[in-house]
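Enquirer: task: produce atomic coordinates for the following.
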Amino acid sequence: MTDEKKQEFTLRISRANRTEMTVIIYEIAQEYVREAIDVLDGGFVEGQTQVSELERYNRAVRNAGMCIDTLKSTLDFTYPLSGTLLHLYISMKKQLARAIAGRNPKHLDIVLDGLKELADAFRKVAEADDSAPLYENSQDVTAGYTYGKSGVNVNPEMTGRGFLA
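Expert: The predicted model follows:
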């Protein structure tokens, strides 16, 4: 995952309520699955791939699995839907295990499709959820200039930090 994506997710997490956090975790998992698919699409061939590509692939699949583990750990079994979600998460974890063992993109595609559908469903729920953000003391961020390695970065979506004109 790129540093820009990490920063975007970090900003969204700092402002998210419980339902939005679930959507963000789904989106992070999707990013990791896409990264693994990209490694396979980049010419990943058994016996001809550098070790770093294999490590990158395995790390991306494991990170997607950790996201699913996080989603599993937040299930509230007082709701019947949680049992169904648990079975879906277990199935996704099995597909990820198969993806690591066989390096077959079809297993990753199955997981990605499931994550997309669940993210869309939770996104609709999040629209109706007007609860407070999980992090009450998170810092507001303002549009402005920051200095990066290659020059000045501007992010107009950020609000509440820096000089106000």
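
Enquirer: please make it C-alpha for all contacts and neighbour counts, starting now.
Expert: Will do.

Enquirer: the helices in this structure, which residues?
Expert: With DSSP state H, the ranges of helices along the chain come out as 3-15, 18-41, 51-73, 81-102, 105-128.

Enquirer: which of those helices is buried the deepest?
Expert: helix 18-41 (a mean of 21; mean count of other CA atoms under 10 Å).

Enquirer: list the contacts of that one.
Expert: The contact list for helix 18-41 (CA atoms under 8 Å, 6 or more residues apart in numbering) reads 1, 9, 12-13, 53, 56-58, 60-61, 63-65, 67-68, 71, 103, 105, 108, 111-112, 115-116, 118-119, 122-123, 125-126, 129, 131, 133-134.

Enquirer: please report the distance of L40 from N58.
Expert: Distance of L40 to N58, computed by CA to CA, to the nearest Å: 11 Å.

Enquirer: do you know how far the residue most central in space within the chain is from D3?
Expert: With distances taken as CA atoms, centre = their mean, I28 lies nearest the centre of the chain, 0.5 Å away. The spacing between I28 and D3, counted by CA to CA, is 13 Å.

Enquirer: what of F77?
Expert: Taking CA to CA, one finds F77 at 35 Å from D3.

Enquirer: next one: V111
Expert: V111 is 24 Å from D3, by CA to CA.

Enquirer: before we move on, back to that, lowest-confidence stretch among the helices of the chain?
Expert: When these are ranked by mean pLDDT, helix 3-15 comes last with a mean of 83.

Enquirer: mind saving the C-alpha coords of that helix as PDB?
Expert: C-alpha atoms of helix 3-15 as PDB (Å, rounded to 0.1, in the frame of the first residue of the first chain):
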ATOM      1  CA  ASP A   3       2.200   6.000   1.700                       C
ATOM      2  CA  GLU A   4      -0.500   8.300   0.300                       C
ATOM      3  CA  LYS A   5      -3.200   5.600   0.800                       C
ATOM      4  CA  LYS A   6      -2.000   5.100   4.300                       C
ATOM      5  CA  GLN A   7      -2.200   8.800   5.000                       C
ATOM      6  CA  GLU A   8      -5.700   8.900   3.500                       C
ATOM      7  CA  PHE A   9      -6.900   6.000   5.600                       C
ATOM      8  CA  THR A  10      -5.300   7.500   8.700                       C
ATOM      9  CA  LEU A  11      -7.100  10.800   8.200                       C
ATOM     10  CA  ARG A  12     -10.400   9.000   7.700                       C
ATOM     11  CA  ILE A  13      -9.900   6.800  10.700                       C
ATOM     12  CA  SER A  14      -9.400   9.800  12.900                       C
ATOM     13  CA  ARG A  15     -12.800  11.100  12.000                       C
END
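
Enquirer: no more questions from me, cheers.
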